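S.K.: Got a sequence here, can you model it:
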Amino acid sequence: MILSRILDHKKSELRRKQNRGYLSSMKTRITDQPAPLGFIHALEAGHSEAAPALIAEVKKASPSQGLMRPEFKDGFDPVAIAQQYREAGAHALSVLTDQEFFQGSLDFLAAVKKSVALPTLNKEFMVGDIQFYEARAHGADCVLLIVAGLDRIQLEDFFVLATGLHLDVLIETHNEQELDTVLERIPTAKLIGINNRDLKTFSTDLGVTERLAKRIPSDKLIVSESGIHKRDNVVKIFEAGARAMLIGESLLRANSIEEKIRELLPTTITSTEEPAGSRWV
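M.R.: Alright, predicted model coming up:
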């Protein structure tokens, strides 16, 4: 399974960083960072009575799809993409930082945060404490915990570590068992993600959001992830109870980011300026 391969490689990466000097440098860098922006607050303020808030993802590639756009082979500018997302009405950002499988980088996160004033999720596969200090040191406002990749003790400990660093936490679930684990072990968790992608087949089914959302208490904010490509999909997850959605592929593959976001969230875009879709760097 691809998740197992990613996690094994991530653990190998972290072993090479296990020295006091590296962790110390991250802690020093954190002291120079401003306070994190409120990721959860941005989503709460961003959704309306008609549509969920949008977390727009900056992603160069994926294991299943390869490069998101052919021109990324010659150059990838995460800041230019993030700026287009902001101009088009995104409420928050997600930046992929895994290098081996997604061709990402923590430098992408730092560059985006330096230039674009939106709350940002460090989209990473968290398996060790150092990664949380890395996230905070590079400007993250929120981190991801994938229940399928963690045992219960890790899930609890990482949640405490992240919140202690003043980071919001998006906890990602795929099925009822994972969701029940979150609700039982971390009752204070506010942001719960439902990933519609099957980790074994990589197929997506929005019915996962419809099924799991019914089990989530009303005081939680549900984020639907994966498989959201058109307005009908947005309506489906919103009616199921999702108040935020994380979208990357359909935005990055569109001819115009602005027009695609207008399609997904027609009440979000009020600008009559020319579409920004051709401004790829």
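
S.K.: How are the helices of the stretch 1-150 of the chain distributed by residue range?
M.R.: 2-15, 20-31, 39-46, 78-88, 106-115, 129-137 (DSSP state H, counting those that start in this stretch).

S.K.: Make CSV from those helices and add mean neighbour count to it.
M.R.: Every residue, glycine included, has its C-beta placed from N, CA and C. Putting these into CSV (neighbours: other Cβ atoms under 10 Å) gives the following:
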stretch, mean neighbour count
helix 2-15, 14
helix 20-31, 12
helix 39-46, 19
helix 78-88, 22
helix 106-115, 20
helix 129-137, 21
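
S.K.: of all those helices, which lies closest to residue 240?
M.R.: The closest of the helices of the stretch 1-150 of the chain to residue 240 is helix 39-46. By Cβ to Cβ, the value is 16.3 Å.

S.K.: Rounded mean pLDDT for the closest one, please.
M.R.: In this model, helix 39-46 carries a mean pLDDT of 97.

S.K.: any chance of the helices of the stretch 1-150 of the chain in a markdown table, with distance to residue 261 too?
M.R.: As requested, the helices of the stretch 1-150 of the chain are exported to a markdown table (distance: least, Cβ to Cβ, whole Å):
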| stretch | distance to residue 261 |
| --- | --- |
| helix 2-15 | 29 |
| helix 20-31 | 33 |
| helix 39-46 | 12 |
| helix 78-88 | 4 |
| helix 106-115 | 17 |
| helix 129-137 | 26 |
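
S.K.: right, and these - which one's nearest residue 221?
M.R.: Of all these, helix 39-46 sits nearest to residue 221, with 5.9 Å by Cβ to Cβ.

S.K.: in the helix or strand hosting residue 155, what counts as buried?
M.R.: Per DSSP states H and E: residue 155 is located in helix 152-164. Applying a neighbour-count criterion of 16 or more other Cβ atoms under 10 Å, one finds 155, 158, 159, 161, 162 buried in helix 152-164.

S.K.: now the residue nearest the centre of the chain, which residues is it bridged with?
M.R.: What sits nearest the mean C-alpha location of the chain, by Cα atoms, centre = their mean, is residue 94, with 4.0 Å. Each beta-bridge partner of residue 94 is listed here, defined by DSSP bridges: residue 57, residue 121.
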